[in-house]
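Undergrad: need a structure here:
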Amino acid sequence: MRDSFLMNERLVLRAVEPEDLEILYTMENDSRTWDVSNFTVPYSRYLLKQYIEHSQCDMFADRQLRLMIMTRDEGRVVGTVDITDFSPMHWRGEVGIALLHECQGQGYAREALILLCEYAFDFLHMKQLVSHVLADNENSLKLFLSCGFAQCGLLKEWWRVGGKYKDALLLQKLRPENTSH
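TA: Residues are numbered from 1 along each chain as shown. Okay, the predicted model is just below:
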């Protein structure tokens, strides 16, 4: 068994800490990302502090898992990766990933997504992960496809972006067959 499922040579995926409040505040209140989330209002520091304090870091209790993406060499947080809508009965969840704008295009998202998938499948023994990606978001689509996700559906006019409805692709990754659980 590996030493850790949540790190590689360059990145560490770790639990949210109280000192992450300001970076979460910045990321959650970046209106440029609201079109691919279900949130359209800003978060207060108070609400984010409550989230950090009350999260049990237990997917079964919280029905989600949020991990901070941190560089190993500098200890700098570059983004977050999540499993949300976790269903313990069906062993599936939805994946989301967000990077600080200045950290995009450097391979962090791909490495973090690979680590999350390995953790979900090889340690948690989940059956599948899914993601919704805007049909015209070429970067996100390329990211998920490069990590073994496959398009399995098209959701017509799924997201309202800039006053217009846009299609979303449903992407899915099943646990590899060579792991049994």
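
Undergrad: any weak-confidence spans in this protein?
TA: For the chain, the stretches flagged by pLDDT under 70 are 1-3, 31-41, 56-57, 178-181.

Undergrad: switch the cut-off to 90
TA: Within the chain, the ranges that satisfy pLDDT under 90 run 1-5, 18, 21-64, 159-163, 176-181.

Undergrad: now the helices for it?
TA: Assignment of helices within the chain using DSSP state H yields the ranges 21-28, 45-54, 59-62, 108-118, 138-146.

Undergrad: Just say which of those is most tucked in.
TA: Per-stretch averages of neighbours, counted by mean count of other CB atoms under 10 Å, single out helix 108-118 among those, with a mean of 20. In this view, the C-beta of every residue, glycine as well, is placed from N, C-alpha and C.

Undergrad: related to what we said a few turns ago, tell me which of the helices of the chain lies nearest to H90.
TA: Go through those one by one with CB to CB and the one that ends up closest to H90 is helix 59-62, at 13.1 Å.

Undergrad: How far away from the center of its chain is that closest one?
TA: 16 Å (CA atoms, centre = their mean, to the nearest Å).

Undergrad: Make TSV out of the helices of the chain and add distance to S4.
TA: Listed next are the helices of the chain as TSV, based on distance: least, CB to CB, whole Å:
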stretch	distance to S4
helix 21-28	22
helix 45-54	23
helix 59-62	18
helix 108-118	9
helix 138-146	23
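
Undergrad: Quick one: closest of these to L11.
TA: When the helices of the chain are ranked by distance to L11, counting by CB to CB, first place goes to helix 108-118 at 5.2 Å.

Undergrad: report the angle between the axes of the closest one and helix 138-146?
TA: Here helix 108-118 runs at 40 degrees with respect to helix 138-146, directions being taken by axes from the mean of the first three to the mean of the last three CA atoms, to 10 degrees.
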